[in-house]
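In: Got a predicted structure here, sequence first:
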Amino acid sequence: MVMGSEYTKKIMGLILLIIGLGLAVWGYQLSDSVGSQITQAVTGSDTDKVMILYIAGAVSFVVGIYFYIKK
């Protein structure tokens, strides 16, 4: 039963790693949109949605690494 628990954590970690990378890529693509570029030009910062995607991606990636490495 213990082996299944470790296997589940590794799978969950990999899923979170993939989700984190996906969110970061999605945020990067969204930051290249016309609306985001206009907001950046006017305010000098990224839109809230882009920042949320970057932060959520980073958190998901870090938690995924933790679950994948943890024994």
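Out: Cool, the structure landed.
In: State the number of residues packed around residue 63.
Out: Using other Cβ atoms under 10 Å, residue 63 has 16 other residues around it. Every C-beta, even on glycine, is put in place using the N, C-alpha and C of the backbone.
In: for it, phi and psi?
Out: phi -60, psi -40 (degrees, to the nearest 10).
In: where's the residue lying closest to it once chain neighbours are set aside relative to residue 33, distance?
Out: Nearest residue to residue 63 in three dimensions, chain neighbours excluded: residue 16, at 5.4 Å (Cβ to Cβ, 6 or more residues apart in numbering). Taking Cβ to Cβ, to the nearest Å as the measure, residue 16 falls 26 Å from residue 33.
In: Between those two, which is the more surrounded one?
Out: residue 16 (20 against 13).
In: Pull the contacting residues for that one.
Out: 60, 61, 63, 64, 67 (Cβ atoms under 8 Å, 6 or more residues apart in numbering).
In: So among those, where is pLDDT lowest?
Out: Across the set of those, residue 67 stands lowest in pLDDT, at 93.
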